[in-house]
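Asks: Sequence and predicted structure are below.
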Amino acid sequence: MSDFIERWSPNFDERALPISMIVLHYTGMKSGAEAIDWLANAQSKVSAHYVVSEDGQITHMVPEDKRAWHAGKSHWRGVSDINSASVGIEIVNPGHEWGYVPFPDPQVASVVRIVHMLKDRYSVTRGNVIGHSDIAPTRKQDPGELFPWDELARRRLALPRPTKKLTDPVWTDAGFLLALERFGYDVTDGFAATVAFQRRFRPELIDGTICGECRAILLALLLPQPEGN
């Protein structure tokens, strides 16, 4: 798209897998300019394909056919080389370390725009439009509980949070973690995986406690979705 700014990063290599995921991050730095400079710095050894500023400006930093270095040690639905399998989008926000704030409407609109473009281009399923915390629950919190996933979900760009006709399957905690692993999470650290799940699908209470509501939400997510999983 011609209105994207180009600021190329040297931090990429060749993909080993086809694109099947879109991973959303927040930059977690004091400013967008600082974040973009860092992603463009060869010494940082990190990068993303796109950065979305607060005003909605999109900066293209790594060609989509190349493997950007944004995911780190991560896992989702049986894939551990997330960098090879994904397009990484950094969303400018100070994050939890520097004063986490809501995402402005123009920024969210641009995230919707670029996710829509990428989802169509690579036939990414809604369940593979995910946050950094989903793929790295022991290390990451982004894009965080303030990110409006519902804006993507109502446009069929991400899985919606189930809210209707929820039934608690009354799993044991071990059963919940097995179901969470089936959904896609790395449950090596069960508490961290539960926190990540809550941050995404029950953000009003993130305490790592497995409860009836969490079990019911997860069960609903595992069932066939009208618009696909």
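Replies: Okay, I see it.

Asks: CA only for contacts and neighbour counts going forward, please
Replies: Noted.

Asks: For the protein, just list every one of the strands.
Replies: Remark: strands assigned in the chain by DSSP state E are 5-6, 12-14, 21-26, 50-52, 58-60, 66-68, 86-91, 129-131.

Asks: so where's the protein shaky on pLDDT?
Replies: Low-confidence segments of the chain, defined by pLDDT under 70: 1-2, 226-229.

Asks: try it again with 50
Replies: The chain contains residues with pLDDT under 50 at 1.

Asks: ok, the most far-flung residue of the chain relative to its centre - contacts?
Replies: Outermost residue of the chain with respect to the C-alpha centroid, by C-alpha atoms, centre = their mean, is residue 170; its distance is 28.2 Å. Shown in contact with residue 170 (C-alpha atoms under 8 Å, 6 or more residues apart in numbering): 212, 215.

Asks: what's the distance between it and residue 63?
Replies: 46 Å (C-alpha to C-alpha, to the nearest Å).

Asks: Residue 162 now?
Replies: Distance, residue 162 to residue 63, using C-alpha to C-alpha: 35 Å.

Asks: ok, what's across the strand from the spatially most central residue of the chain?
Replies: For the chain, the residue nearest the mean C-alpha position is residue 131 (1.5 Å; C-alpha atoms, centre = their mean). Beta-bridge partners of residue 131, counted by DSSP bridges, are residue 24.

Asks: Would you check how far apart it and residue 184 are?
Replies: For residue 131, the distance to residue 184 - C-alpha to C-alpha - is 12 Å.

Asks: again, but for residue 190
Replies: Residue 190 is 13 Å from residue 184, by C-alpha to C-alpha.

Asks: Contacts only, for residue 124.
Replies: 19, 20, 21, 22, 118.

Asks: Kindly reformat those residues as a markdown table and extend each row with distance to residue 34 and neighbour count.
Replies: Formatted as a markdown table, the contacts of residue 124 follow (distance: C-alpha to C-alpha, whole Å; neighbours: other C-alpha atoms under 10 Å):
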| residue | distance to residue 34 | neighbour count |
| --- | --- | --- |
| 19 | 28 | 22 |
| 20 | 29 | 18 |
| 21 | 26 | 25 |
| 22 | 23 | 26 |
| 118 | 26 | 18 |
